[in-house]
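>>> Dropping a prediction and its sequence here:
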There are 2 protein chains.
Amino acid sequence: MGDRDRSVTVGVDLGGTKVETALVDASGTIIVSSRRKTGVDRGAEGIVDDIAACIRDCLGANVTPGAVGIGVAGQVDPESGNVWYAPNLGWRDFPLRTRLQDTVGLPTFVVNDVQAATIGEWKHGAGRGISDVVTLFVGTGVGGGVISDGRLVRGCDGSAGELGHLKVAVEGRRCSCDRRGCLEAYAGGWAIARRAREAVEAAPDRAATLIELAGGDHGAITAGTVADAFHRGDPMAQDLVSEVARALGTGLASIANAFNPCLIILGGGVVEGIRELTALARREVEIRALDVAVKSLRVVPASLGQHAGTIGAAAWAHQELHTA
Amino acid sequence: MGDRDRSVTVGVDLGGTKVETALVDASGTIIVSSRRKTGVDRGAEGIVDDIAACIRDCLGANVTPGAVGIGVAGQVDPESGNVWYAPNLGWRDFPLRTRLQDTVGLPTFVVNDVQAATIGEWKHGAGRGISDVVTLFVGTGVGGGVISDGRLVRGCDGSAGELGHLKVAVEGRRCSCDRRGCLEAYAGGWAIARRAREAVEAAPDRAATLIELAGGDHGAITAGTVADAFHRGDPMAQDLVSEVARALGTGLASIANAFNPCLIILGGGVVEGIRELTALARREVEIRALDVAVKSLRVVPASLGQHAGTIGAAAWAHQELHTA
């Protein structure tokens, strides 16, 4: 490879189903990117080899980046860059930073994938130039990240920002984490689908639109079905979306009161599928949070879409390279 | 005054009923302190004069501190040191930093009083040497503060850490902030008293101990009454304390999941009155939070008692003086 160009870095977004690798410049623009299926069956070393090959071959020889940033769907030790646990990858205690660094020959920085997306939206997306930002990504699951005074809040073991597991009830609905009352159990895509199926079973006479959109099969109702019915003006779907907005507003009120961000960025499939949710949640948080906590608060949609993680991982590497 | 000694600072804890002023050394030890009633009726300028007189006279002439730190029961603008709003002092938009600095002739740093207590416990109390600490002070009201990676989280407008207003219900009980479902509406001293009176009215046959301890007057039941009855083994009080522990554990689970602290410090009159609450809340948070969020978490009682705010304000001044 040629001389390193410290202004460009590689961003990698490593999930359980796909891995995206991109060369990103200092302004957060993707110069070239490549996406492939994650070879989970090839094991951790195989995945590292895939990523390394992609960095070498896919990105070309005309530029050598200064560092690699990788966001991984798992629990990351901030100090060592080891991945403690990544259930979707089947990893436990894998020294990702060391292995990738040795294989690629570039300084490597590891962060959790949702934290990477948070950095992406903060550095180059909807949060540019703002010191105190919280993201909430509402997809099948719900995750988030916190920027406080221009720094990512990582916490004692690197797991800060598990905002989908903010509680909105002392007991309440059971969550994917097997605890009760989490925000995700009300606003996550899987939870919306579950709640919609319950509503259809409880009041089939009101459920014609939802059942029709699901092809006549209650069990096939998803959060997407609810979004479609909502956009047709279906009253049951409107009730369901109001319920989601109240739970979301409650979680956001906790976020506003605890972190006092200038900006909350909402992203993820559920929010993209029901764009009205951003305004609904904004109204709910303004009602539910302390006046002082929402004095300067804005609630806006994410702007980088599915590339937030890749761009953020690259930005993280850029930042760490230039502050190390 | 003589030469300034930059290792000692003045800490001031300014509340609506009392103001404590102390000379504090770099190890957090109070060398001399003085406490007086807050002269709310003398107005903001009168209070500043009182504090200035105390710094000049009460602290003696043999040492000149390097700076003044003041924790004030109100909303503080982190940049200017202005107090936006302090209802218990009757202040709006008062330039506390400038006025006190001009009067005393020493660099002055202003922070919210609960944030000051948080800094006190972190720098010189139960949180010494730990990078990620959250405090929760459960008194009549409930407040807290957050230290992330060795820095106080202040937020966009300085109001971060309003942890008493973390939500534990989407609707739920009405809080002192006039919203619903806040932790304080379940765990604050006033809320415990209200809930106890409701319980007594709903089941007077079980309420003999509580009624007796309150001198026969339901309306005289306080959180202290509940604590006394709890320590006598009264079943109704035990149920009430279990309810408080569940709400507290729910709030702490949100805190653990959001901030991933190494340490949560519990202080305030309710926790001091019912010391068993710390262990009960610890058990609840371990059940309710994510495994990764509590992996390294300890939950411990505060150690500085009522001087946390004064010591913390002095420590804040010390830190700001030496990093400015």
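Cool, the structure landed.

>>> Now do the same contact list for the residue of the stretch 101-250 of chain A found nearest chain B.
Relative to chain B, the nearest point of the stretch 101-250 of chain A is A:G155 (2.6 Å; CB to the nearest CB). Quick note: C-beta positions are derived from backbone N, CA and C, even for glycine. By CB atoms under 8 Å, 6 or more residues apart in numbering or on different chains, the contact set of A:G155 is A:161, B:132, B:148, B:259-261.

>>> Among the residues you listed, which one sits closest to B:E184?
B:F259 (18.3 Å; CB to CB).

>>> thinking the closest one is in contact with B:D132, fair?
Yes. With contact defined as CB atoms under 8 Å, B:F259 reaches B:D132; the gap is 7.1 Å.

>>> Check what pLDDT the residue nearest to A:R92 when sequence neighbours are not counted gets.
Counting by CB to CB, 6 or more residues apart in numbering or on different chains, the nearest residue to A:R92 once its immediate chain neighbours are dropped is A:Y85, at 5.7 Å. You'll see A:Y85 listed with a pLDDT of 93.

>>> quick revisit: you'd agree the residue of the stretch 101-250 of chain A closest to chain B is in a strand?
No. Counting by DSSP: H, G, I helix; E, B strand; the rest coil, A:G155 falls outside a strand, being coil.

>>> circling back to that earlier point, what about B:F259 and B:D132, which has more around it?
Per other CB atoms under 10 Å in any protein chain shown, whichever of B:F259 and B:D132 has more neighbours is B:F259, with 30 against 25.

>>> how many neighbours does the residue in the stretch 201-324 of chain A that chain B sits nearest to have?
Closest approach between the stretch 201-324 of chain A and chain B, counting by CB to the nearest CB: A:N260, at 2.6 Å. Counted with other CB under 10 Å, residues neighbouring A:N260 total 28.

>>> swap in A:V133?
A:V133: 28 surrounding residues under other CB under 10 Å.

>>> Residues in a beta bridge with it, which ones?
Beta-bridge pairing of A:V133 under DSSP bridges involves A:I147, A:L263.

>>> partners of the host helix or strand of the residue nearest to A:R92 in the sheet?
Using DSSP states H and E, A:Y85 sits within strand A:83-86. Here strand A:83-86 has these sheet partners by DSSP bridges: strand A:75-76 (antiparallel), strand A:91-94 (antiparallel).

>>> now the residue lying closest to A:G188 once chain neighbours are set aside, which residues is it bridged with?
Counting by CB to CB, 6+ apart, the nearest residue to A:G188 once its immediate chain neighbours are dropped is A:V142, at 4.9 Å. Beta-bridge partners for A:V142, by DSSP bridges, are A:V138.

>>> if we look at stretch A:32-48, which residues are touching it?
Stretch A:32-48 is contacted by residues A:14-23, A:49-50, A:54, A:58-60, A:88-91, A:94, A:96, A:99-100, A:103, A:307, A:310 when judged by CB under 8 Å, 6+ apart.

>>> about what we covered before: between B:F259 and B:D132, what contacts are shared?
Residues touching both B:F259 and B:D132 (CB under 8 Å, 6+ apart): A:155, B:148.

>>> in which helix or strand would I find the residue most central in space within chain A?
For chain A, the residue whose C-alpha lies nearest the mean C-alpha position (CA atoms, centre = their mean) is A:V114; its distance is 4.0 Å. Assigned by DSSP H and E, A:V114 falls within helix A:113-124.

>>> go on, A:S296?
Judged by DSSP H and E, A:S296 forms part of no helix or strand.

>>> Excluding chain neighbours, what is closest to it?
Computed as CB to CB, 6+ apart, the closest residue to A:S296 that is not its neighbour in sequence is B:C156, at 4.9 Å.

>>> residue contacts, the one you found?
Contact analysis of B:C156 by CB under 8 Å, 6+ apart lists A:131-132, A:260-262, A:296-297.

>>> just those now: which is nearest B:R180?
A:L297 (19.2 Å).

>>> quick revisit: from A:L23, how far off is the residue nearest to A:G188?
31 Å (CB to CB, to the nearest Å).

>>> Among the two, which residue is more densely surrounded?
For A:V142 and A:L23, the more surrounded residue by other CB under 10 Å is A:V142, and the numbers stand at 30 against 24.
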